[in-house]
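A.B. asks: Structure for this input, please:
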Amino acid sequence: MAAGIGIAYVDGPRLSRSLLAAADWVAAGRDELNRLNVFPVPDGDTGTNLCLTLRAVAQAVRALGDAPLPRVTRTMAEASVRGARGNSGMMLSQFLLGVQEGLGQLVRARASDLARGFERLHASLDEPVEGTILTVARETAAEATRAERELDLRVFVRRLVERAEQALARTPELLSVLKVAGVVDAGAKGFVRFLDGVKRLIEQGHAARGAVDRPPLLGNAAAESEVQPERDFRFCTEVLVRGPALPGGSAVRRALRPLGGSIVVLETGDLLKAHVHTDTPDAVFALATSWGAVESTKAEDMRAQHQALRTRRPIVLVADTACDLPDALVVEHGIELVPMQLILEERVYADRVELQPPEFFERLRSGFDPSTSQPTPDAFAAGYTDALRRGDHALVVTLSGRLSGTHAGAVAAARRMDAAAERITVVDSRSASLGEGLLVLRAAELVELGWSPADIARELERVRGQSGGFFTVATLDRLLRSGRVGRVAGWLGSKLNIKPIMSISVEGIVEPVARTRGKTAARRRLLDRLADALAGTPRELRLGVAHADIPDFAAEVAAELTVRHHPKTCLVAPITPVIAAHAGVGAWGVFYQVEDGNKRVAGAL
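C.D. replies: Modelled structure (predicted):
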């Protein structure tokens, strides 16, 4: 939706922008939602599951561009089924399926059409419980029906949010576990944030600002709550099935009922996704084979998750968003990401939170000229606060201090943390992109092995001294605008199709090492340079291929590197917008990390 007076309808582009804004605003409240998560089990992942669900939807609709409404709703529906995670993500996806079903083939939707999208959630649940997202969605649906004659969608959405907030405030009165914990329902609050993100877009004309919504240091309700005996199943289990003749949702719920609880079923087209809390995930997966072709399965140990919430981590890792680690690894290792800043059209975006790579690449191709800046001191302080809330020590890995003021800012922010400063260790990666990210992964392994912060810092400094990277760009335009190459050299490079090969040295600076003519020659020369750097045939090697919107090419390079060098890891990831702003679309690079030479155990350094 867009700002303005008398917004009477929603079309494809407006719905896409609304979904993106809602996803950003839910992401901003992720940590708070996780702490509120006490029902149906206190495993502390409601915020994470909602974020990952909405991120899958946002990425799918963003890729459509300005598509018509029916195509947007179909894409939204399929992405929500494929990307739904956890009980809360499944229920929010059911709401999005209701929106798609309610709008049908309309190319423009008014308030009365949108009102029909709120009616599906109840039918998806096997055991509907009041005081959850179900209650809030139902009361919001009732308000949508009452407001369906509103001609201005701004007023319509404002009324929905007000009613949803009122219903949310009453959830502890309806569900005793919430009242005992002194919280509202986390899934319901996530739903309200979703609607509020749309409202903020309408009223402010842009997505809500603020990378992360961090409340003051409060207790963690999820960690402090007990699992209710009747809901004490071990595994949060999900299965995605495709087939031409899938069973109906009610039949699937009946079949799953003997195996567990908290059952939610999603259906769209030839896709079906089932969620159940169970002690026997293998039985669920076996049953699903009778429905159709099983495309994916998941079984997360909720008891282990709950225990982890109660156990403070000795070390929590912090990195800036220039590390380019994929979301899945960030979530898996519990890494706090501090957003760099991207300035575009006089607005400051939180890198990778308020602006994702696909949207940024689209704008870059359209001729926008962004600039970048390091994270604010407040952003670092907030990241440290969150890390120290979860652990005893924060170990921070930053973008090279020779390339940005980010490292100096991280050190300065740590010093300002008063008594907590001694619990923060900052390491300069002397690299960028996956060069920084691979170092963070090494640190994550050492945390799991029980190494101390000082020992890990020394090991990272050792490893970075035998690591590096090479990269090239498709055109010199972005390097020229950022002052990384001279104007004459840039003009000649463009005219002659010159592709520079650059390295990130062990000192953390960018150095030109070769130049070639054409894409094929650049690939060959860059990989030859990498082979020369790895001439000693390291046994403990990690590789990373970072790219600016050329995923197929990057995957080919990664496959070749895996055959040639046999790394224990070869990541492929898009570069974050704040790096792409300098490198441009089509840039790519390979980073290597050699870990040979230190087989000593924790505490022996």
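
A.B. asks: ok, residue 331 touching residue 47?
C.D. replies: No - if you go by Cβ atoms under 8 Å, residue 331 and residue 47 don't touch, sitting 10.8 Å apart. Placement of C-beta: from N, CA and C, glycine included.

A.B. asks: Please enumerate the helices of the stretch 501-605 of the chain.
C.D. replies: Listed in chain order, the helices of the stretch 501-605 of the chain (DSSP state H, counting those that start in this stretch) span residues 519-533, 551-565, 577-583.

A.B. asks: ok, residue 331 and residue 47, which is more surrounded?
C.D. replies: residue 47 (29 against 14; other Cβ atoms under 10 Å).

A.B. asks: So residue 296: helix, strand or coil?
C.D. replies: For residue 296, the assignment made with DSSP: H, G, I helix; E, B strand; the rest coil gives strand.

A.B. asks: Contact partners for the closest residue to it other than its chain neighbours?
C.D. replies: Counting by Cβ to Cβ, 6 or more residues apart in numbering, residue 296 lies nearest to residue 240, which is 4.6 Å off, once chain neighbours are set aside. Taking Cβ atoms under 8 Å, 6 or more residues apart in numbering as the criterion, residue 240 is in contact with 81-82, 271-273, 294-297.

A.B. asks: Adding pLDDT and distance to residue 128 as columns, could you present those residues in JSON lines?
C.D. replies: Shown next, in JSON lines, are the contacts of residue 240 (pLDDT from 0 to 100; distance: Cβ to Cβ, whole Å):
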{"residue": "81", "pLDDT": "92", "distance to residue 128": "20"}
{"residue": "82", "pLDDT": "92", "distance to residue 128": "24"}
{"residue": "271", "pLDDT": "93", "distance to residue 128": "23"}
{"residue": "272", "pLDDT": "94", "distance to residue 128": "20"}
{"residue": "273", "pLDDT": "95", "distance to residue 128": "19"}
{"residue": "294", "pLDDT": "93", "distance to residue 128": "27"}
{"residue": "295", "pLDDT": "92", "distance to residue 128": "28"}
{"residue": "296", "pLDDT": "91", "distance to residue 128": "27"}
{"residue": "297", "pLDDT": "93", "distance to residue 128": "26"}
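
A.B. asks: Can you say which of these are buried?
C.D. replies: Among the contacts of residue 240, the ones that count as buried by 16 or more other Cβ atoms under 10 Å are 81-82, 271-273.

A.B. asks: remind me which residues of the stretch 301-450 of the chain are low pLDDT?
C.D. replies: 308-311 (pLDDT under 70).

A.B. asks: And the helices in it?
C.D. replies: Under the criterion DSSP H, counting those that start in this stretch, helices of the stretch 301-450 of the chain are mapped to 302-310, 327-332, 357-365, 377-390, 406-415, 434-448.

A.B. asks: Please identify the most buried of those helices.
C.D. replies: helix 434-448 (a mean of 24; mean count of other Cβ atoms under 10 Å).

A.B. asks: on contacts alone, who are the packing partners of the next helix or strand along the chain from it?
C.D. replies: Once the chain leaves helix 434-448, the next helix or strand it forms, by DSSP states H and E, is helix 453-464. If contacts are counted by 3 or more Cβ pairs under 8 Å, 6 or more residues apart in numbering; DSSP states H and E, helix 453-464 sits against strand 391-398, strand 424-428, helix 434-448.

A.B. asks: Next, the angle helix 406-415 makes with the last one.
C.D. replies: Meaning helix 434-448. 40 degrees (axes from the mean of the first three to the mean of the last three Cα atoms, to 10 degrees).

A.B. asks: which other helices and strands contact helix 434-448?
C.D. replies: Against helix 434-448 (3+ Cβ pairs under 8 Å, 6+ apart) you get strand 313-320, strand 391-398, helix 453-464, strand 467-472, strand 541-547, strand 569-574, strand 588-594.

A.B. asks: Ok, the first one next?
C.D. replies: Packed against strand 391-398, as judged by 3+ Cβ pairs under 8 Å, 6+ apart, are the following elements: strand 313-320, helix 377-390, helix 406-415, strand 424-428, helix 434-448, helix 453-464.

A.B. asks: Give me the helices and strands touching the second one, please.
C.D. replies: Counting contacts by 3+ Cβ pairs under 8 Å, 6+ apart, helix 377-390 is packed against strand 313-320, strand 336-338, strand 391-398, helix 406-415.

A.B. asks: For these, give me JSON lines that also has distance to residue 371.
C.D. replies: JSON lines is the format used below for the helices and strands packed on helix 377-390 (distance: least, Cβ to Cβ, whole Å):
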{"stretch": "strand 313-320", "distance to residue 371": "17"}
{"stretch": "strand 336-338", "distance to residue 371": "19"}
{"stretch": "strand 391-398", "distance to residue 371": "20"}
{"stretch": "helix 406-415", "distance to residue 371": "15"}
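
A.B. asks: For residue 459, find the nearest of these.
C.D. replies: Closest of the helices and strands packed on helix 377-390 to residue 459 is strand 391-398, at 11.1 Å (criterion: Cβ to Cβ).

A.B. asks: what comes up buried for the closest one?
C.D. replies: Neighbour-count burial for strand 391-398 flags 391, 393-398 (criterion: 16+ other Cβ under 10 Å).

A.B. asks: Quick one: distance of that strand to the chain centre.
C.D. replies: Relative to its parent chain, strand 391-398 has a centroid offset of 20 Å by Cα atoms, centre = their mean, to the nearest Å.

A.B. asks: quick one on the thing from earlier: from the buried ones among the contacts of residue 240, which is closest to residue 411?
C.D. replies: residue 82 (42.0 Å).

A.B. asks: ok, so what distance separates residue 558 from residue 382?
C.D. replies: For residue 558, the distance to residue 382 equals 34 Å [Cβ to Cβ, to the nearest Å].

A.B. asks: before we move on, what about residue 159?
C.D. replies: Distance from residue 159 to residue 382, counting by Cβ to Cβ: 33 Å.

A.B. asks: Residue 436 now?
C.D. replies: 20 Å.

A.B. asks: cool, residue 307 as well?
C.D. replies: Residue 307 sits 27 Å away from residue 382, going by Cβ to Cβ.

A.B. asks: Kindly report the same for residue 301.
C.D. replies: Residue 301 sits at a distance of 30 Å from residue 382 (criterion: Cβ to Cβ).

A.B. asks: How about the contacts made by residue 341?
C.D. replies: So residue 341 contacts 348-351, 372-376, 578 (Cβ under 8 Å, 6+ apart).

A.B. asks: again, only this time at 7 Å
C.D. replies: For residue 341, the contacting residues are 348, 350-351, 372-375, by Cβ atoms under 7 Å, 6 or more residues apart in numbering.

A.B. asks: burial count for the nearest residue to residue 185 once chain neighbours are set aside?
C.D. replies: Spatial nearest neighbour of residue 185, chain neighbours left out: residue 171 (4.4 Å); criterion: Cβ to Cβ, 6+ apart. Neighbourhood size, residue 171 [other Cβ under 10 Å]: 24.
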